[in-house]
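Asker: the following comprises the amino acid sequence and a computationally predicted model.
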Amino acid sequence: METRIETDVIIIGAGPTGLSLACQLVRYGVDFIIVERNEGVTPFSKAIGVHARTLEIYEQLGLAQKAVARGAIAGKVRFVEAGEIRGEVDLSNIGHNLSPYPYMLVLEQSKNEQLLYEYLRIHSKDVLWQTELESLSQSETGVTARVKNAADESQIVEAKYLVGCDGPKSPVRHSLGLGFEGSTFERMFYVADAQIDWDLSHDALHVCFARDSFVLFFPLQGEKRYRIVGVFPEGLEKGEGEILYEEIEERIKEESQLALDISNVAWFSTYKVHTRHADKFSVSRCFLAGDAAHIHSPAGAQGMNTGIQDAYNLAWKLALVIRGKARQPLLDTYNEERLKNAKRLLTTTDRIFQLGASPDRLLGFIRTTIFPSLAKYVLDFDAVKKIIFPLISQIGINYRDCSLSWHESDETFEVKAGERMPYFSIDGESVYDKLCEPKFHLLAFSDGQSDHRTTSDKIESEYADLVDCHVLPLYPHVAEIFGTNKSFNVLLRPDNYVGFISPQTSSGELRAYINKFIERS
Ligand SMILES: Cc1cc2nc3c(=O)[nH]c(=O)nc-3n(C[C@H](O)[C@H](O)[C@H](O)COP(=O)(O)OP(=O)(O)OC[C@H]3O[C@@H](n4cnc5c(N)ncnc54)[C@H](O)[C@@H]3O)c2cc1C
């Protein structure tokens, strides 16, 4: 006999996206079921780059320090051409003053998944392992999913919402009849985790540029352990999975032109790079997140990080609507914000990828001859760091053109509605320490002239369960970041993006913003 379970949200897939969504829903006290076809978290390293924005999100879960302790900060990059080192850049503090985590952390996907899974277990939640989605249907009031476990027992899960975090082949996306348009890059990639004996030190990412390709060596934890990534030439007639490891090793040696011995290969894989996104990320009560919604080239190590941010964007919206605190249209802003972001990401990663692997002669010349020797000098400029770090680390993602961003009063500010709350410290502590509660945050920056306490008290008493208020001194370094030395208010959404910034110290505008999306009881 089929059993029936009722829950608020059913999550399909426990990769980094599904696990992140589950962790966020724990923060908001939302009930959920998460099902996963596999028997546990991935044993494979897969993604290895964890960016600043992901660590900021981990910080709210209390996981950032654990992640940093289990991983390694990406330190230097060395550029190698024809077996010779042509340049070196130090990246270990490239995002200085821009994030509490001003670097990229090297921490394998398997360890990220383990970290998130531990969080769920600590909070008495678990994944239904070896359980697969079989079918789904939805009505105006809910979603019904039929899932089957390893013992071939079916269960019916009735939920208010369903989120497909089920990877690139996404059965959820297929069930919803959504297209996944885009293209597939002609060339085959390879990846291998192995031990390397060579003369180069283990403290750097080594980038070996060849005329129409590259080989990357990422240092992993463990003596002499590396992740190696490269491409096969165009016209290779073999498919994914048909290439032997020996062919990969031969290619690594040929392209890098380095004297090296590769041994203890723990994992290798070949794959084609796709650039695709779903037509939309939601259909009524069903949503897509992570690779189920978008896939792109590995340039910039964005995939896992983007899935985690999709989950972060969706969780608070689901939570408010499920708790009856916000109206249904709030959920439409997930598609509005994250589809736009995915389209932007696909374009950026394609460009970086072209520069790295295009067979075009001019790009090949820039890659092998000009870039390695100039990179150090270019990255020494603060202005360049301030463009590159936000782009790669995902702290620069913004929702400026989206409906949750109110621009009425932001023209005079350096920080606009729709941008991530900038990072700075106040009295020796990160401002983010004040923003961990899963609520909206009203930050009233006071120059000492106007009465902020009254506004803040009014908002806090009216919206006690929704808005967390702080009155903060407007120190000169904060005034410089925001571009004003007069008092102002910032209303942050629960994901710490600016919803509204205003010089007004009255509560009227703030109320209007909150009331537009929030259901008053
Ligand atoms: C070699 C390689 C290197 C990469 N490097 C990076 C990097 O450095 N940084 C980065 O950010 N990204 C990187 N990526 C991309 C990253 O691995 C993916 O973007 C990430 O795994 C996406 O996570 P996800 O949870 O959305 O999907 P997945 O990890 O694919 O998880 C989906 C889950 O859904 C489950 N599932 C599917 N169908 C069902 C069903 N019917 N029922 C139940 N469960 C189901 C699957 O078993 C799977 O566990 C890399 C990828 C590869 C392959």
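Answerer: Thanks, I have the structure now.
Asker: give the buried residues for stretch 202-222.
Answerer: 202, 204-210, 212-220 (16 or more other Cβ atoms under 10 Å). For the C-beta atoms, the positions are set from N, CA and C on the backbone; glycine is no exception.
Asker: quick check: chain neighbours aside, which residue is closest to H441?
Answerer: Nearest residue to H441 in three dimensions, chain neighbours excluded: L492, at 4.3 Å (Cβ to Cβ, 6 or more residues apart in numbering).
Asker: quick one: low-confidence residue ranges for the chain.
Answerer: Within the chain, the stretches with pLDDT under 70 are 1, 299-300, 349-350, 352-381, 383-384, 452, 505, 519-521.
Asker: what parts of it come near the ligand?
Answerer: When proximity is defined by Cβ under 6 Å from any ligand atom, the chain lies next to the ligand at 12-18, 35-38, 46-49, 109, 132-133, 165-167, 171, 191, 271, 290-291, 298, 301-305, 307.
Asker: drop anything exposed from these.
Answerer: 12-18, 35-37, 46-49, 109, 132-133, 165-167, 171, 191, 290-291, 298, 301-305, 307.
Asker: V50 against N305, yeah?
Answerer: Yes: with contact defined as Cβ atoms under 8 Å, V50 counts as touching N305 (6.8 Å).
Asker: how close does the residue in the stretch 301-450 of the chain positioned nearest to the ligand get to L472?
Answerer: Taking Cβ to the nearest ligand atom, the ligand has its nearest neighbour within the stretch 301-450 of the chain at G303, 2.4 Å off. The gap separating G303 from L472 is 36 Å, by Cβ to Cβ, to the nearest Å.
Asker: equivalent analysis for L136, please.
Answerer: From L136 to L472 the distance is 46 Å (Cβ to Cβ).
Asker: ok, those two, which is more surrounded?
Answerer: L136 (22 against 16; other Cβ atoms under 10 Å).
Asker: what's near enough to touch the closest residue to that one other than its chain neighbours?
Answerer: Excluding the flanking residues, the one nearest L136 by Cβ to Cβ, 6+ apart is A145, at 4.6 Å. A145 sits next to I10, I12, L133, S135, L136, I156, V157, A159, L162 when contact means Cβ atoms under 8 Å, 6 or more residues apart in numbering.
Asker: nearest spatial neighbour of Q138, chain-adjacent residues omitted?
Answerer: R285 (5.0 Å).
Asker: next, count neighbours for that neighbour.
Answerer: With other Cβ under 10 Å as criterion, R285 counts 20.
Asker: all helices for the stretch 351-500 of the chain, in order.
Answerer: For the stretch 351-500 of the chain, the helices defined by DSSP state H, counting those that start in this stretch occupy 361-365, 371-380, 382-393, 452-462, 476-482.
Asker: does the residue nearest to Q138 touch V163 like I think?
Answerer: No: the criterion here is Cβ under 8 Å, and R285 misses it with V163 at 9.8 Å.
Asker: helix or strand: which one has the most centrally placed residue in the chain?
Answerer: Nearest to the geometric centre of the chain sits N305, at 2.5 Å (Cα atoms, centre = their mean). Assigning secondary structure by DSSP states H and E places N305 in helix 303-322.
Asker: in that helix, what's buried?
Answerer: 303-322.
Asker: and that helix, what does it pack against?
Answerer: strand 3-12, helix 16-27, strand 49-50, helix 52-61, strand 154-164, helix 332-357 (3 or more Cβ pairs under 8 Å, 6 or more residues apart in numbering; DSSP states H and E).
Asker: tell me the first helix or strand C-terminal of the fifth one.
Answerer: Under the assignment DSSP H and E, the closest C-terminal helix or strand after strand 154-164 is helix 171-175.
Asker: who touches that following helix?
Answerer: With Cβ under 8 Å, 6+ apart, helix 171-175 has contacts from 12, 133, 135-136, 162, 164, 166, 180, 278, 286, 288, 292-293.
Asker: output it as CSV, restricted to C-alpha atoms.
Answerer: The C-alpha trace of helix 171-175 is given here as CSV (Å, rounded to 0.1, in the frame of the first residue of the first chain):
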residue,chain,number,x,y,z
PRO,A,171,13.2,14.9,-14.6
VAL,A,172,11.3,17.8,-13.0
ARG,A,173,12.1,20.2,-15.9
HIS,A,174,11.0,17.5,-18.3
SER,A,175,7.7,16.9,-16.4
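Asker: dump the residue contacts of the residue in the stretch 101-250 of the chain positioned nearest to the ligand.
Answerer: Across the stretch 101-250 of the chain, the shortest distance to the ligand (Cβ to the nearest ligand atom) belongs to G167, at 2.8 Å. For G167, the contacting residues are G13, G15, G290, D291, A292, by Cβ under 8 Å, 6+ apart.
Asker: let's go with 7 Å and repeat that
Answerer: G13, G15, D291, A292 (Cβ atoms under 7 Å, 6 or more residues apart in numbering).
Asker: state the distance from M104 to H277.
Answerer: 24 Å.
Asker: who has more neighbours, these two?
Answerer: M104 (28 against 22).
Asker: what is the neighbour count of the residue lying closest to that one once chain neighbours are set aside?
Answerer: Leaving aside its sequence neighbours, M104 sits nearest to A74 (Cβ to Cβ, 6+ apart; 4.4 Å). If you count neighbours by other Cβ under 10 Å, A74 ends up with 22.
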